[in-house]
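K.L.:
Fold the stuff below for me.
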Amino acid sequence: MKISTKGRYALRIMADLAVHDNGEFIRLKDISERQCITLKYMEQIMPLLTKAGYVKSYRGNNGGYMLARKPEEYTAGEILRTTEGSLSPIACIEDTPNRCPRKDHCTSLSFWEGMWKVVSEYVDSVTLADLVQNEKKQNDSADIAGQ
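P.N.:
The predicted model follows:
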């Protein structure tokens, strides 16, 4: 499984919105500059996040974006699935129940199911608040090292 730039950038955008949340809408240009993501690419990602109900948007002079919920109410898994689709390593285990005609004779099926379970449990256990906390720890460490 490989996460595309769209998924990676969506996580960074959501984390940026959480870190810089001051109760006001945040301009896309500001996020773009901080995250080094082009506005054009962000304009492809933001509608996905807005449609999913993860962010609120406001147009106009004071327009921009803000999180629709608290950072601890988002998981990395839901954000990635919104931008990437299924995180399943192989297509035949996406269906429940598994409809693969070889499922009863597949020697590697349990491996793929186990891998998907581990990945799903991990991405669903990490919240946006966890990512923000990690960034704050890194910034604090950098500040201490720079003194």
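K.L.:
burial of Arg81, as a residue count?
P.N.:
Arg81: 17 surrounding residues under other C-beta atoms under 10 Å. Just so you know, the C-beta spots here come from the backbone N, C-alpha and C atoms, and that holds for glycine as well.
K.L.:
Next one: it relative to Val19, how far apart?
P.N.:
22 Å (C-beta to C-beta, to the nearest Å).
K.L.:
Gly63 against Phe25, yeah?
P.N.:
Yes. Counting by C-beta atoms under 8 Å, Gly63 does reach Phe25; the two are 6.0 Å apart.
K.L.:
who has more neighbours, these two?
P.N.:
The neighbour comparison of Gly63 against Phe25 (other C-beta under 10 Å) goes to Phe25, with 18 against 12.
K.L.:
got the contact list for the closest residue to the more buried one other than its chain neighbours?
P.N.:
What sits nearest to Phe25 in space, not counting adjacent residues and going by C-beta to C-beta, 6 or more residues apart in numbering, is Gly64, at 3.5 Å. Applying C-beta atoms under 8 Å, 6 or more residues apart in numbering to Gly64 gives the contacts Glu24, Phe25, Ile26, Arg27, Leu28, Asp30, Ser57, Tyr58.
K.L.:
Pick the one among those closest to Arg102.
P.N.:
Among the contacts of Gly64, Ser57 lies closest to Arg102 (C-beta to C-beta), at 45.5 Å.
K.L.:
Quick one: residues contacting that closest one.
P.N.:
Applying C-beta under 8 Å, 6+ apart to Ser57 gives the contacts Phe25, Met46, Thr50, Gly63, Gly64, Tyr65.
K.L.:
make it 7 Å
P.N.:
Listed by C-beta atoms under 7 Å, 6 or more residues apart in numbering, the contact partners of Ser57 are Thr50, Tyr65.
K.L.:
can you tell me the helix or strand for it?
P.N.:
For Ser57, the host element (DSSP states H and E) is strand 55-58.
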